[in-house]
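Peer 1: Give the three-dimensional model of this entry:
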Amino acid sequence: MRAVLRPVVTTLSIVSMTLAPGLVSAQSTGVLFTVVVPAGGFGSSLYLRELLSSLTAARLFCQQLNDETLQVDCLSDRLGQVAQEIPEDTDYDEVRSILADTSAQLGELARANHDRARGRLRATQPGQGEKGATRPLRPIAPDALAAVNAQAVDILEEAKTKLLRSADGKNRNQYARIAQALESNKVLLRS
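Peer 2: Residues are numbered from 1 along each chain as shown. So this is what the prediction gives:
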């Protein structure tokens, strides 16, 4: 994404800057300066790096939980969060849709195989205070874990296939890199 911000008034002091779907705004006391980014302008290498970083962070967060029974629901939560952070009406609409669908499928799989004896658990990153899963996670029943993980791997593989099939000429390389990052999450489920 490339946006050029030129000051309207030379003494404008920016208090905060926000990036919203297709909109960059800088606010100061009583002054609003807005630059609209065209939908096609979001497919930049900078945003791709941010998206790939988010997918890597999802895997690392779930891995740091050190509880294999939480991996499926953790991936559901994290992929859902990544999907929500993708702005609407951009070159990544299809990616957002696929990630949201994958998150929903993994969540349903975790719900159907929940270890009711353990209940739902809050997950946070060590040393990060309250930063963590957006909701309590459901552990998978130990006797169902192998089968659930195999189904979760299939769901991730299907998502990868959808990403690769939905890519066109201009975004083929980017979608392939996103699919590869999604593929790396399968390692959590094969241990």
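Peer 1: Need the phi and psi values for the spatially most central residue of the chain.
Peer 2: For the chain, the residue nearest the mean C-alpha position is residue 82 (1.6 Å; CA atoms, centre = their mean). Torsion angles at residue 82 (phi, psi; degrees, to the nearest 10) stand at phi -60, psi -40.
Peer 1: thinking it is in contact with residue 52, fair?
Peer 2: No: look at residue 82 against residue 52 with CB atoms under 8 Å: they stay out of range, at 10.2 Å. All C-beta atoms are positioned from the backbone trio N, CA, C, and that covers glycine.
Peer 1: Surely residue 134 is in contact with residue 79?
Peer 2: No: checked against CB under 8 Å, the pair residue 134 and residue 79 is beyond contact range at 11.3 Å.
Peer 1: Those two - which one has more neighbours?
Peer 2: residue 79 (29 against 11; other CB atoms under 10 Å).
Peer 1: Please give me every residue in contact with that one.
Peer 2: Contacts for residue 79 (CB atoms under 8 Å, 6 or more residues apart in numbering) come out as 55, 58, 99-100, 102-103, 106, 185.
Peer 1: Excluding chain neighbours, what is closest to it?
Peer 2: Among residues not flanking residue 79 along the chain, residue 103 sits closest, at 4.2 Å (CB to CB, 6 or more residues apart in numbering).
Peer 1: circling back: and the residue nearest to the centre of the chain, how far is that from residue 181?
Peer 2: 10 Å (CB to CB, to the nearest Å).
Peer 1: Tally up the residues packed near residue 139, please.
Peer 2: Residues near residue 139, counting by other CB under 10 Å: 24.
Peer 1: Tell me how many other residues crowd the nearest residue to it once chain neighbours are set aside.
Peer 2: Leaving aside its chain neighbours, residue 139 sits nearest to residue 69 (3.9 Å; criterion: CB to CB, 6+ apart). By other CB under 10 Å, the residues close to residue 69 number 24.
Peer 1: Quick check: residue 69 touching residue 115?
Peer 2: Yes: Residue 69 lies in contact with residue 115 (CB under 8 Å); the separation is 6.4 Å.
Peer 1: Now name the helix or strand holding the residue nearest to residue 79.
Peer 2: Following DSSP states H and E, one finds residue 103 within helix 93-112.
Peer 1: what's the following helix or strand after that helix?
Peer 2: Moving toward the C-terminus from helix 93-112, the next helix or strand (DSSP H and E) is helix 145-166.
Peer 1: And that next one, how far out from the chain middle?
Peer 2: Relative to the centre of its chain, helix 145-166 is centred 16 Å away, using CA atoms, centre = their mean, to the nearest Å.
Peer 1: List the single closest residue to residue 94 in space, sequence neighbours excluded.
Peer 2: Spatially, and ignoring its direct neighbours in sequence, residue 94 is nearest to residue 166 (4.7 Å; CB to CB, 6+ apart).
Peer 1: ugh, wrong one, I meant residue 111
Peer 2: Nearest in space to residue 111, with sequence neighbours left out and distances taken as CB to CB, 6+ apart, is residue 138 at 6.4 Å.
Peer 1: Lovely, talk soon.
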